[in-house]
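J.: 3D, please:
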Amino acid sequence: MRSSVCLILLVCCATIARGDSDIFEDGTSQDKGVHSYKRHRGGEEPVEEASPAQPLKPASESQAEGDKLIKDGKFAEAIRAYSAAVDAAPDDYLNYYKRATAYLAKRLTANALSDLNRVLDKKADFVQARVRRGKTLLSLGRFAEADSDFREVLRIKPTESIAKAQIPIAERCAALMRSADELLRSQRWAEARDQLSAVLDLAPDAINVRLQRAECNEHLGDFNAIIDDTMRVLKLESTNVEALFGRGRAFYLLGEPDAAMNHYREALRHDPDNVKLSREYKKLKKFEKLLKEANDAANNGRAEEALTAYRAALETDPTHPTQQANLHLRQCDMLLQLRRGREAIEACTRSHEMQPDALEPIIQIAEAYLQLEEYERGVQWFNKAQTKGQHDRRVIEGMQRAQRLLKIATRKNYYQILGVTKQASAQEIRKAYRKLALEWHPDKHHGEAKEAAEKRFIEVSEAHDILSDEDKRRRYDNGEDVENPQPQHQHHGFPFGFGGGGHGGQGFQFHFHHG
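T.: Below is the predicted model of the structure:
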């Protein structure tokens, strides 16, 4: 009975000492029977998963299993096997060293560094482990510590070639970082980026260096490069708040607010008290709300309301390049709908200045000039649009319309001659003609005024001839060539009467003669 109790206690102690830990593909260790973790985009989320205790294998057996898995390139399984060896023989430094090798193969440098530290705590003169730790520190951007490890290796084994080769690299990285730090303080972003890139060529896993280069790229406007660098950081450290924030801000600056919001939320999950992060998150929420209100109003024909909301959205971040350009363009569209062409040109010009290669602002500026009846300027801007999108249907049709309107504007304006609007009715045209024909009939003028009156009378007659004919007026309004009437210079009559009598009741006819 007593021996049975002792056996049970021994099994329990072994279980407690081992902690029933398991290693997943990312190298993390979690107690089974409490939580296991499944990977997802933002990090890890706990999933309840009970697991029975397993008896320990001999360390040598687990180590041999790990060696075979390493040889087969199955690094995640090798990590598990070496972890079992570590659990069975926690004082054997070689198991930590081999697990560190597997971690490095999976690019889990932080895990590898932790194991290498344990190795050297147990055996400080293990040259291979110190060389490997030095190279790991170098990759992580800890250049002074790496240099120290390599020099210690040479003290232990002066002929060690790898350590000799690595010392100049560590020194060069340290010098490049000193130069980059000075350039960053001077806000010389392009030069600093070049120095940091040179460092990353030698130390690709240096998280702080990548984040510094991302800062340079924000100032230089290379937001896609920020996304690349922060992705590399998050592969190394999935909960890095600065990388999550930087990546979110890059998406925001690229005009992808949904992706930005997701990254801000994930960063706040890890650091809910971060003031800068909270401020950016609230600003983005406000912008999204205003943009939705503006788009809803625009889509439902409420141009004035949409214009107000777009202007409010603009004020949430006056320095945002893409957001500002797009919102100025949307304002321009609303202003065109409201027939406020001059203001539309101002809004579209700001958008064009921010994105000079974009076609849409150029088209909108051209349309605004047409709306203001400045047709020559409209043609000029459609010409400019052709250099960006010569096959774009809007550009082709817009240019044809602008040229037609310019042609119309440069010919005689019959509406202006009669003093009526383009919307004048047939009755209004007839009334205007009668008044002007009576005023400018040459028989009512003498001397030098007679010639000017005759010229004016002919123009009035031409205008009436075109605008009183429904078909001719339509063709004239469309910019088509309309055959001008050939008025009789020797004889002009009024087609209206003055109260009866004369020529069969057809009204008076006034005759005038030259000379």
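
J.: burial count for R340?
T.: For R340, the neighbour count with other CB atoms under 10 Å is 19. Every residue, glycine included, has its C-beta placed from N, CA and C.

J.: what's the helix or strand for H352?
T.: helix 341-354 (DSSP states H and E).

J.: Moving along the chain from the one helix or strand Q128 maps to, name the first helix or strand you hit.
T.: Using DSSP H and E, Q128 sits within helix 127-139. Next helix or strand after helix 127-139 toward the C-terminus (DSSP H and E): helix 143-156.

J.: now the helix holding H352: how far from the chain's centre is it?
T.: Distance of helix 341-354 from its chain centroid, counting by CA atoms, centre = their mean, to the nearest Å, is 20 Å.

J.: pLDDT averaged over the helix or strand just after that helix, what's the number?
T.: Next helix or strand after helix 341-354 toward the C-terminus (DSSP H and E): helix 359-371. Helix 359-371 carries an average pLDDT of 96.

J.: Tell me where the model's unsure across this protein.
T.: Applying pLDDT under 70 to the chain flags residues 1-55, 483-515.

J.: What ranges does it have for its strands?
T.: Assigned strands in the chain, in chain order: 21-23, 29-31, 36-40, 43-47 (criterion: DSSP state E).

J.: How about the backbone phi and psi for the residue nearest the centre of the chain?
T.: Residue closest to the mean C-alpha point of the chain, counted by CA atoms, centre = their mean, is L254 at 1.7 Å. Backbone torsions of L254, given as degrees, to the nearest 10, read phi -80, psi 0.

J.: ok, the residue lying closest to it once chain neighbours are set aside - contacts?
T.: Nearest residue to L254 in three dimensions, chain neighbours excluded: F223, at 4.9 Å (CB to CB, 6 or more residues apart in numbering). By CB atoms under 8 Å, 6 or more residues apart in numbering, the contact set of F223 is N217, A250, F251, L253, L254.

J.: Test my guess that the fourth one contacts T319.
T.: No - distance between L253 and T319: 9.6 Å, which falls outside the contact criterion (CB atoms under 8 Å).

J.: of those two, who's got more company?
T.: Neighbours were tallied for L253 and for T319 using other CB under 10 Å; the higher tally belongs to L253 (19 against 7).

J.: Next up, the contacts around the more buried one.
T.: The contact partners of L253, taken as CB under 8 Å, 6+ apart, are E218, F223, H320, P321, T322.

J.: Can you list which of those are found in helices?
T.: E218, F223, P321, T322 (DSSP state H).

J.: Turn those residues into JSON lines, columns for distance to A170.
T.: JSON lines is the format used below for these (distance: CB to CB, whole Å):
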{"residue": "E218", "distance to A170": "29"}
{"residue": "F223", "distance to A170": "32"}
{"residue": "P321", "distance to A170": "39"}
{"residue": "T322", "distance to A170": "41"}
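
J.: sorry, back to before: distance check, the residue nearest to the centre of the chain against N262.
T.: According to CB to CB, to the nearest Å, L254 and N262 sit 14 Å apart.

J.: how far does stretch 171-185 sit from the chain's center?
T.: That offset, for stretch 171-185, works out to 31 Å (CA atoms, centre = their mean).

J.: And stretch 229-248, by the same measure?
T.: Stretch 229-248 sits 19 Å away from the centroid of its parent chain (CA atoms, centre = their mean).

J.: Okay, buried residues for it please.
T.: 229-230, 232-234, 236, 238, 240-248 (16 or more other CB atoms under 10 Å).

J.: wait, isn't K283 in contact with D317?
T.: Yes - using CB under 8 Å, K283 makes contact with D317 at a distance of 6.4 Å.

J.: More neighbours: which of those two?
T.: Remark: of K283 and D317, D317 carries more neighbours, 18 against 15, as counted by other CB under 10 Å.

J.: what residues are up against the more buried one?
T.: D317 makes contact with K283, F287, Q323, Q324, according to CB under 8 Å, 6+ apart.

J.: For the second one, which non-adjacent residue is closest in space?
T.: It refers to F287. Spatial nearest neighbour of F287, chain neighbours left out: T316 (4.5 Å); criterion: CB to CB, 6+ apart.

J.: measure that neighbour to Q212 for me?
T.: 28 Å.

J.: When the two are compared, which one has more neighbours?
T.: Ranked by neighbour count (other CB under 10 Å), T316 and Q212 place Q212 first, with 23 against 19.

J.: ok, now which ones touch the more buried one?
T.: A180, L184, A192, L196 are the contacts of Q212 under CB under 8 Å, 6+ apart.

J.: hmm, 6 Å instead?
T.: Listed by CB atoms under 6 Å, 6 or more residues apart in numbering, the contact set of Q212 reads L196.

J.: before we move on, what about the one 5 residues further on?
T.: The contact partners of N217, by CB under 6 Å, 6+ apart, come to A225, I226.

J.: and which of the ones in helices among the contacts of L253 is nearest A424?
T.: Within the ones in helices among the contacts of L253, the smallest distance to A424 is 47.1 Å, found for T322 (CB to CB).

J.: so what's the closest one closest to, chain neighbours aside?
T.: Nearest to T322 is G255, by CB to CB, 6+ apart, at 4.1 Å.

J.: Tell me the backbone dihedrals of the one you found, please.
T.: The phi/psi pair for G255 (degrees, to the nearest 10) is phi 80, psi 30.

J.: Would you mind writing the CA trace of stretch 407-415 as PDB?
T.: Extracted C-alpha coordinates of stretch 407-415, given in PDB (Å, rounded to 0.1, in the frame of the first residue of the first chain):
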ATOM      1  CA  LYS A 407     -17.500  77.300 -81.900                       C
ATOM      2  CA  ILE A 408     -21.000  78.400 -80.900                       C
ATOM      3  CA  ALA A 409     -19.500  81.100 -78.600                       C
ATOM      4  CA  THR A 410     -17.300  82.500 -81.400                       C
ATOM      5  CA  ARG A 411     -20.200  82.900 -83.900                       C
ATOM      6  CA  LYS A 412     -23.000  85.400 -83.800                       C
ATOM      7  CA  ASN A 413     -25.000  85.100 -80.700                       C
ATOM      8  CA  TYR A 414     -28.600  85.500 -82.000                       C
ATOM      9  CA  TYR A 415     -30.100  85.300 -78.500                       C
END
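
J.: Mind listing what's buried along that stretch?
T.: Buried-residue list, stretch 407-415, by 16+ other CB under 10 Å: I408, Y414, Y415.

J.: ok, back up a step: spell out for me the PyMOL command that would select the buried members of the contacts of L253.
T.: Burial among those is assessed by 16+ other CB under 10 Å; the matching PyMOL selection reads:
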select buried, resi 218+223+320+322
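
J.: How about Y476, nearest residue that isn't a chain neighbour?
T.: Closest residue to Y476 apart from its sequence neighbours, by CB to CB, 6+ apart: V482 at 4.9 Å.

J.: Now do the phi/psi pair for the residue lying closest to A206 once chain neighbours are set aside.
T.: Nearest residue to A206, sequence neighbours excluded (CB to CB, 6+ apart): G141, at 2.8 Å. Backbone geometry at G141, expressed as degrees, to the nearest 10, gives phi 90, psi 10.
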